[in-house]
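Student: Take this sequence and fold it.
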Amino acid sequence: MSDASTDDEELLEALRMHLVPGIGPRHSQLLLDYFGSPQAVFRATTEQWQQVEGIGPKIAMSLAAAKLGREAEAELDEARKLGVRLLRRGTANYPKAIARICDPPLLLYCQGDILPQDELAVAIVGSRRCTMYGKQQAEKFANALARAGVTVISGLARGIDAAAHQGALAAGGRTIAVMGTGLAEVYPPEHRDLAIQVAAQGAMLSEFKLHQTPHAGHFPQRNRIISGLSVAVVVIEAGRSSGALHTARHALEQGREVLAVPGRIDSLASEGCHDLIRDGVTLIRHVDDILSAIGPLTKPVSIATDGVETVQSLRELSLNEIEKHVLNLIATEPILQDEIIASSLLEPSQVLATLTVLEMKRLIRRQPGGYFIRSPW
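Tutor: Numbers count the residues shown, from 1 in each chain. The predicted structure is shown next:
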């Protein structure tokens, strides 16, 4: 069997697993950790599936049905006819930034192209029911960012999202829309033309099957991808119940920069933004504030090997020299606290204090028995 045929088979079996009802990113990862590959998952029995954490009789029955069904073949065939590519986690075309977040999707549907330059991206999010002021600010910031060579990320929703995409498109820049529906079910429907323009000048992305219709729970879920693709998230006109605040929370958890545009002090539409600013998020007045905030995040960074400094998470860029030194002694394999102290050539008290700081910043995790591991995102 050729390499191309093997890749196609792996993609098809990954899609088969991705389409199983009840299996999200966490379950798919547990299955892959246990069986090793999508093909091996579907070679297993119902009893073997239920040995995996979180896989009960109901999901096992769904896996059995998927094993016999042809839904994956039909989905892959339609995707190719629509010009939609499937990006599989663990392959070269899967966005590196998404691979590093918590619970990355097994597959991403992509219409358009993800380019290396899209690693420098800023998300602009906010209210669907925005004011003219909010729309103007979103268009202005997106336009200026696009002219500066920054890719603009948003969710194609009404209001701030649409204004952000339109601002980037008007500047001739790149923009990526992350959908809470399938790519064959553009929502809202009046944004179909906008979606075509975004795909032509960037990409449309979704983790949901092609014909997934709008579902309230899917939009907060997609927000982790919007923030994960970005080095920073700009919030414009978010009320206190706005979904944009979910994106901001994901961004903070992922170590991304969060920035907020203020509104009138008595504006209900900007209450969420004002709360963020009060709690320490950077206030944005013009695009130079954004470029200044992301400037340190855009410098080339080496990935660790043979003693070269490693930075795997954006929040690592704010560490001092001692914190970086101790962090680079910890890998994804567990290492004993005593070994870290011995390797560091620092005072034990200094190492212990640094380990506490790194743990508080969620860069490392403490394991039973005095072991530490590096956090996966």
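Student: chain center to stretch 106-118, what's the gap?
Tutor: 12 Å (Cα atoms, centre = their mean, to the nearest Å).
Student: in that stretch, what's buried?
Tutor: By 16 or more other Cβ atoms under 10 Å, the buried positions in stretch 106-118 come out as 106-112, 114, 118. Where you see a C-beta, it was placed from the backbone N, CA and C, and this is true even at glycine.
Student: likewise stretch 209-218?
Tutor: Buried, per 16+ other Cβ under 10 Å, within stretch 209-218: 209-210, 212, 218.
Student: Including pLDDT and distance to residue 150, could those go into CSV?
Tutor: Shown next, in CSV, are the buried residues of stretch 209-218 (pLDDT from 0 to 100; distance: Cβ to Cβ, whole Å):
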residue, pLDDT, distance to residue 150
209, 96, 31
210, 97, 30
212, 95, 30
218, 91, 27
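Student: Which pair in these has the greatest spatial separation?
Tutor: Farthest-apart pair in those is 210 and 218; separation 13.9 Å (Cβ to Cβ).
Student: quick check: domain ranges of this structure?
Tutor: Domain ranges of the chain: 3-78, 111-297, 314-374, per automatic domain parsing.
Student: just those domains: most buried one?
Tutor: Of the domains of the chain, the one with the most neighbours on average (mean count of other Cβ atoms under 10 Å) is domain 111-297, at a mean of 21.
Student: I'd assumed residue 129 was in a helix, is it?
Tutor: No: assignment of residue 129 by DSSP: H, G, I helix; E, B strand; the rest coil gives coil, placing it outside any helix.
Student: tell me the pLDDT at it?
Tutor: Looking at residue 129, its pLDDT is 89.
Student: Do I have it right that it meets residue 160?
Tutor: No: look at residue 129 against residue 160 with Cβ atoms under 8 Å: they stay out of range, at 9.6 Å.
Student: thinking again about what came up before, with distance to residue 97 as added columns, please give the domains of the chain in a markdown table.
Tutor: Below are the domains of the chain laid out as a markdown table (distance: least, Cβ to Cβ, whole Å):
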| stretch | distance to residue 97 |
| --- | --- |
| domain 3-78 | 15 |
| domain 111-297 | 5 |
| domain 314-374 | 9 |
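Student: Show me what the helix or strand harbouring residue 109 is packed against.
Tutor: Assigned by DSSP states H and E, residue 109 falls within strand 107-112. Counting contacts by 3 or more Cβ pairs under 8 Å, 6 or more residues apart in numbering; DSSP states H and E, strand 107-112 is packed against helix 3-18, strand 85-88, helix 192-200, strand 202-206.
Student: any idea how far the last one is from the chain center?
Tutor: Centre-to-centre, strand 202-206 and its host chain are 13 Å apart (Cα atoms, centre = their mean).
Student: With the third one instead?
Tutor: Taking Cα atoms, centre = their mean, one finds helix 192-200 lying 21 Å from the centre of the chain it belongs to.
Student: Give me the mean pLDDT for that helix.
Tutor: In the prediction, helix 192-200 has an average pLDDT of 97.
Student: Can you show me the CA trace of it as PDB?
Tutor: The C-alpha trace of helix 192-200 is given here as PDB (Å, rounded to 0.1, in the frame of the first residue of the first chain):
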ATOM      1  CA  ARG A 192     -23.000  33.300   2.600                       C
ATOM      2  CA  ASP A 193     -21.300  35.900   0.400                       C
ATOM      3  CA  LEU A 194     -19.100  37.000   3.200                       C
ATOM      4  CA  ALA A 195     -18.100  33.400   3.800                       C
ATOM      5  CA  ILE A 196     -17.100  33.000   0.100                       C
ATOM      6  CA  GLN A 197     -14.900  36.200   0.300                       C
ATOM      7  CA  VAL A 198     -13.300  35.000   3.600                       C
ATOM      8  CA  ALA A 199     -12.400  31.600   2.000                       C
ATOM      9  CA  ALA A 200     -10.900  33.300  -1.000                       C
END
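Student: helices and strands around it, which ones?
Tutor: When contacts are defined as 3+ Cβ pairs under 8 Å, 6+ apart, helix 192-200 sits against strand 107-112, helix 160-170, strand 175-178.
Student: now the longest one and helix 192-200, what's the angle there?
Tutor: Between the direction of helix 160-170 and that of helix 192-200, the angle (axes from the mean of the first three to the mean of the last three Cα atoms, to 10 degrees) works out to 50 degrees.
Student: List every C-alpha atom in helix 160-170, with coordinates, as CSV.
Tutor: As requested, the backbone C-alpha atoms of helix 160-170 are provided in CSV (Å, rounded to 0.1, in the frame of the first residue of the first chain):
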residue,chain,number,x,y,z
ILE,A,160,-18.6,42.7,15.6
ASP,A,161,-17.5,39.4,13.9
ALA,A,162,-18.8,40.4,10.5
ALA,A,163,-17.4,43.9,10.8
ALA,A,164,-13.9,42.5,11.7
HIS,A,165,-13.9,40.2,8.6
GLN,A,166,-15.1,43.0,6.4
GLY,A,167,-12.4,45.4,7.7
ALA,A,168,-9.7,42.9,6.9
LEU,A,169,-11.1,42.1,3.5
ALA,A,170,-11.3,45.8,2.6
